[in-house]
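In: What follows is a protein structure lacking sequence information:
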Ligand code: ATP
């Protein structure tokens, strides 16, 4: 159930992401790893509403609200404050987040809210910024923010913030196995480095086979090319993820991949009906704390209600 806006403001809907491929290259001098990744947005969404106010405020509702900070460490708050500073805007905002993307689940929920807040504040303040302008500001908040603005399917390089769209022919059906306990992204990268110590890590290169599977829209062709270099590290920190993956694959998923830094596991399914069957099996097997279904690709952050102009 979505919160219905009751005051003037702008409401933006923003998708979660799964990385169809996440290749983690060597550690760079700035402390980030160079990445080659294929982002894919799915219609598991948060809504973020910004409203003019007499003081800064942030309220989070929805199933994951308790785990989300509401002060200036909330990425949506940081994003709009940065935008306001950049354009010399002194107006303060109330930010309401209807949170359905799991927190610390590897689906970039915090980055999604930052992206949504930027798109909403741009509309509220009539700044007329281009998507590229907003993505540039978003990249200062986090590497995943630009993709949450574009949505769809995109190749990410650099630390994930340099994007190029990827052509896909079909809608893909996903089931996500969620865990209440999150995994910290820096800890998962550190574990990845620990597991690879002494190995020579090649520069990441996007897989041509994955691109061609996405172009064809063939689920069976796509499934074997799902790849996440952080998966072993996430399983090392949360060993029960191995059982989650095995259970889903035995139950008929075409493919499985840990989302980003985990612990959410994404299962690719051949159809809507098979996704529903898989949800039932995973729920009955009690290997996950929650199971949700979504379809991708989904659009990036977009205004769903603009009460400002009414
Ligand atoms: P990523 O996939 O980008 O690594 P994630 O999906 O694993 O991220 P997030 O849900 O973005 O993780 O949350 C990571 C942390 O960010 C949370 O533990 C929380 O403290 C903080 N945070 C700040 N703002 C938000 C927000 N709007 N929504 C969720 N978490 C937020």
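Out: Alright, I've got the coordinates. This one's a predicted model, so the numbers in the text were calculated from it and none came from an experiment.

In: close enough to count as contact, residue 206 and residue 23?
Out: Yes. Residue 206 lies in contact with residue 23 (Cβ atoms under 8 Å); the separation is 7.5 Å. The C-beta positions use only the backbone N, C-alpha and C, and glycine is treated the same way.

In: Between those two, tell me which one has more neighbours.
Out: Of the pair residue 206 and residue 23, residue 23 is the one with more neighbours under other Cβ atoms under 10 Å, namely 23 against 17.

In: Wasn't that one part of a helix?
Out: No. Per DSSP: H, G, I helix; E, B strand; the rest coil, residue 23 lies outside any helix segment and is strand.

In: Which parts of this protein belong to which domain?
Out: According to automatic domain parsing, the chain comprises the domains 10-166, 172-296.

In: looking at those, which is buried most?
Out: Most buried of these, by mean neighbour count (mean count of other Cβ atoms under 10 Å): domain 10-166, with a mean of 21.

In: Out of the domains of the chain, the one nearest residue 302 is which?
Out: Closest approach to residue 302 among the domains of the chain (Cβ to Cβ): domain 10-166, 6.1 Å.

In: That closest one near the ligand at all?
Out: Yes. If you take Cβ under 6 Å from any ligand atom as the test, domain 10-166 does meet the ligand, through 68-69, 73-76, 97, 103-111, 113, 144.

In: distance between the ends of that domain?
Out: With Cα to Cα, to the nearest Å as the measure, domain 10-166 spans 29 Å from end to end.

In: average pLDDT across that domain?
Out: Summarised as a single mean, pLDDT over domain 10-166 is 95.

In: Now do the same for residue 202: helix, strand or coil?
Out: Classified using three-state DSSP, residue 202 is coil.

In: Would you check that it makes contact with residue 36?
Out: No. Using Cβ under 8 Å, residue 202 is not in contact with residue 36; the gap is 10.4 Å.

In: which neighbours do those two share?
Out: residue 25 (Cβ atoms under 8 Å, 6 or more residues apart in numbering).

In: State the distance from residue 22 to the ligand.
Out: Residue 22 sits at a distance of 10 Å from the ligand (criterion: Cβ to the nearest ligand atom, to the nearest Å).

In: Spit out the contact partners of that residue.
Out: If you count contacts by Cβ under 8 Å, 6+ apart, then residue 22 has 35, 37, 227, 228, 229, 230, 260 around it.

In: Name whatever forms a beta bridge with it.
Out: On the basis of DSSP bridges, residue 22 is bridged to residue 37, residue 228.

In: Quick check: it vs residue 80, distance?
Out: 29 Å (Cβ to Cβ, to the nearest Å).

In: re earlier: among the residues of domain 10-166 next to the ligand, name the ones in helices.
Out: Per DSSP state H, helices hold the following members of the residues of domain 10-166 next to the ligand: 75, 76, 109, 110, 111, 113.

In: In the stretch 51-200 of the chain, which residue sits closest to the ligand?
Out: residue 110 (2.8 Å; Cβ to the nearest ligand atom).

In: hang on, that residue packs against residue 142?
Out: Yes. Applying Cβ under 8 Å, one finds residue 110 in contact with residue 142, separated by 7.2 Å.

In: Residue 120: what secondary structure?
Out: With three-state DSSP as the basis, residue 120 sits in helix.

In: surely it meets residue 49?
Out: Yes. Contact criterion Cβ under 8 Å: residue 120 and residue 49 qualify, at 6.9 Å.

In: Find the residues that touch each one of these two.
Out: Shared contacts of residue 120 and residue 49, counting by Cβ under 8 Å, 6+ apart, come down to 9, 10, 11, 12.
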